[in-house]
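> Fold the following and give me the result.
(2 chains)
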Amino acid sequence: MNTHPQFAEALALYAMGALDDPQERAALEAHLGTCGDCRRELEALRADTALLALSATGPQPPARSRERLLSAVAAEPRVERRNAQRYAVGRLRPRWFNLAPTLVMVLLAIFSILLWRDLRNTRRTLRHQHAEMEQLQAELTKKNAELEESKMVTDLLHAPDAWPLTLVSKKTPPQPQIKAVYSKQQGSLLLMASNMTSLPDNKIYQVWLLPADGSAPMSAGWFKADSKGNGMMFHKMSSGIAAKGFAVTIEPPGGSQAPTMPIVMEPAAG
Amino acid sequence: MRVSGTQAPNLKDDAALISRIRAGDQSAMADLYDRYAGVIYGVALRVLTSTTAAEDVVQEVFLQLWRNPQAFNSDRGRLAPWLAVIARNRAIDLLRKRPPEDDIDELPISTGVNLEDEASQKLVVDKVRGVLGGLPQDQRKALEMAFFEGMTHTEIAGKTGDPLGTVKTRIRTGLLALRKVLA
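Below is the predicted model:
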């Protein structure tokens, strides 16, 4: 298996929970997020540890253990519990409950009359507040959009195939940095940039997805860095596009159809 | 890494057992217990050296599977190695008096080793013991301290006086030796 040799020993320790150096552990976990080979090796190493566990097989638990387990299982029925609950509702329903629909209708009629009187007064007030409501509605729509975007960001971060990326400057020292997470399944890209070079008003940073099938780079959104060089972008595109990498170029506002050379940011090696 | 030869279809194989458990069939838990309680109890007893505590681990691991059978994916590997690793991790948590560290569905294990019947289990266990017995003593000790005593590589180095790098190499080499023999 093509595991990365610099992580080989740490992987074996990690498989047993025996890697206690926080930095080494963090570096390995970050690497596991992007390296399928090392993830598969970790699964194989866990299987090796399972063999170690099996070497202790021999002693048998006391006979009462089996009865204890089966009693505990019987006390936690999954399917039957739902059925039992449904039957219980039917059995406990009292006869007067049959009159409930009529009673509810009478109460509803009384309530409707009271409501109608109240409504007549309220309408007058509402007319004056109409403009204010429109404004609130606009704000609500905006908040909903923000909420939806936050949810997409959360979904992306929790996606099983979320791919954390770090893009660094091609020049040394590599101070400008972009951290990004991409989910092929969701077609979402979250990006956070720092230490970016400040651009004139007629320029933006545009992100490009480099398709794994070798086809032309696709625009994956654009962003501007603030006065401190920080920027953030969440971009939604078609799902299912496998990426072999990402790149960043400088483009006119609104972005370009194709990247304008040179590439200013690209994935870090390794 | 299949150890035994081709077997006749077994209606009680792992996938069938898990399907019955998912359907809420309590008798499947009895079959599961009969097949794998020894695996869980053995490793828990080795770690905890207390029959009562080991019995508790058996209960806990099986009940976790009963409550969340979706945690085991039969496409990814066999049930016995998965149960063995979960039992070991839970026993280590108890040994170190810490809350459970891993959710049981966060432990993908890739192995095809077959342990669905007593003969297969005995064959694998004998082979593993043979390999362990053939390892250099320092290597086997480092492996056992990490796995059965839950010691980190720093703790092992502190106890044995060996350099950290040596401890790391011993553990990895020992694990790979197990894999090669069963390949």
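
> all helices of chain B, in order?
Using DSSP state H, the helices of chain B run over B:14-22, B:26-48, B:51-67, B:79-95, B:118-134, B:137-148, B:153-160, B:164-182.

> The one helix or strand residue A:108 maps to near chain B anywhere?
Per DSSP states H and E: residue A:108 is located in helix A:100-158. No. Helix A:100-158 is not in contact with chain B by Cβ under 8 Å from any Cβ of the partner chain; minimum separation 13.2 Å. (Each C-beta comes from the backbone N, C-alpha and C, glycine too.)

> for the record, mean pLDDT for that helix?
Model confidence over helix A:100-158, given as mean pLDDT, is 77.

> Check stretch A:67-75 too.
pLDDT averaged over stretch A:67-75 gives 92.

> How far does it sit from its chain's centre?
38 Å (Cα atoms, centre = their mean, to the nearest Å).

> List the contacts of the residue nearest to residue A:183 when sequence neighbours are not counted.
Using Cβ to Cβ, 6 or more residues apart in numbering or on different chains and skipping the chain neighbours, the partner closest in space to residue A:183 is residue A:159 (4.0 Å). Applying Cβ atoms under 8 Å, 6 or more residues apart in numbering or on different chains to residue A:159 gives the contacts A:183, A:185, A:186, A:188.

> Give the bridge partners for the last one, please.
Assessed by DSSP bridges, residue A:188 has beta-bridge partners residue A:183, residue A:236.

> any idea how far residue A:181 is from it?
From residue A:188 over to residue A:181 the distance is 8 Å, taken as Cβ to Cβ, to the nearest Å.

> residues bridging contact with the two, i.e. touching both?
Joint contacts of residue A:188 and residue A:181 (Cβ under 8 Å, 6+ apart) are residue A:156.

> Quick one: find the helix or strand in chain B with the lowest mean pLDDT.
helix B:118-134 (a mean of 84; mean pLDDT, DSSP states H and E).

> Please export the C-alpha coordinates of that one as CSV.
C-alpha atoms of helix B:118-134 as CSV (Å, rounded to 0.1, in the frame of the first residue of the first chain):
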residue,chain,number,x,y,z
GLU,B,118,-15.2,-22.1,16.2
ALA,B,119,-12.7,-23.9,14.0
SER,B,120,-11.8,-20.7,12.1
GLN,B,121,-11.4,-18.8,15.4
LYS,B,122,-9.1,-21.4,16.8
LEU,B,123,-7.0,-21.5,13.7
VAL,B,124,-6.6,-17.7,13.6
VAL,B,125,-5.9,-17.5,17.4
ASP,B,126,-3.3,-20.2,17.2
LYS,B,127,-1.5,-18.5,14.3
VAL,B,128,-1.5,-15.1,16.0
ARG,B,129,-0.1,-16.6,19.1
GLY,B,130,2.5,-18.3,17.1
VAL,B,131,3.6,-15.1,15.5
LEU,B,132,3.6,-13.2,18.8
GLY,B,133,5.7,-16.0,20.3
GLY,B,134,8.2,-15.6,17.5
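
> quick one: that helix to helix B:137-148, angle?
Angle, helix B:118-134 to helix B:137-148, by axes from the mean of the first three to the mean of the last three Cα atoms, to 10 degrees: 130 degrees.

> What residues sit buried inside helix B:118-134?
B:120, B:121, B:123, B:124, B:125, B:127, B:128, B:131, B:132 (16 or more other Cβ atoms under 10 Å in any protein chain shown).

> what packs against that helix?
helix A:36-54, helix B:164-182 (3 or more Cβ pairs under 8 Å, 6 or more residues apart in numbering or on different chains; DSSP states H and E).

> Residue B:85: which of those is closest?
Taking Cβ to Cβ, helix A:36-54 is the member of the helices and strands packed on helix B:118-134 nearest to residue B:85, at 5.0 Å.

> list the helices and strands that closest one packs on?
Counting by 3+ Cβ pairs under 8 Å, 6+ apart, helix A:36-54 packs on helix A:5-15, helix A:22-32, helix B:26-48, helix B:79-95, helix B:118-134, helix B:137-148, helix B:164-182.

> For the next helix or strand after it, give me every contacting residue.
Note on helix A:36-54: by DSSP H and E, the next helix or strand toward the C-terminus is helix A:63-74. Outside helix A:63-74, the residues that touch it by Cβ under 8 Å, 6+ apart are B:26, B:29-30, B:33-34, B:37, B:41, B:55, B:58-59, B:62-63, B:66.

> Just the buried ones out of these, please.
B:26, B:29, B:33, B:37, B:41, B:55, B:58, B:59, B:62, B:63, B:66.

> pretty sure residue A:161 is touching residue A:181, no?
No. Counting by Cβ atoms under 8 Å, residue A:161 sits too far from residue A:181 to count as a contact (10.3 Å).

> can you list the weak-confidence ranges in the chain?
Looking at chain A here, since you left the chain open. Low-confidence segments of chain A (pLDDT under 70): A:1-2, A:78-101, A:124, A:126, A:128, A:164-174, A:269-270.

> my bad, the chain I had in mind was chain B
Using pLDDT under 70, chain B drops low at B:1-12, B:76, B:99-118, B:181-183.

> domain assignment for it?
B:1-116, B:135-183 (automatic domain parsing).

> Which one of the ones you listed lies nearest to residue A:134?
Of the domains of chain B, nearest to residue A:134 by Cβ to Cβ is domain B:1-116, at 47.8 Å.

> about what we covered before: pick the most buried one from the helices and strands packed on helix B:118-134.
helix A:36-54 (a mean of 22; mean count of other Cβ atoms under 10 Å in any protein chain shown).

> Of residue A:161 and residue A:181, give the one with the bigger neighbour count.
When residue A:161 and residue A:181 are compared for neighbours, residue A:181 comes out ahead with 19 against 10, by other Cβ atoms under 10 Å in any protein chain shown.

> roughly how far apart are that one and chain B?
Distance, residue A:181 to chain B, by Cβ to the nearest Cβ, to the nearest Å: 19 Å.
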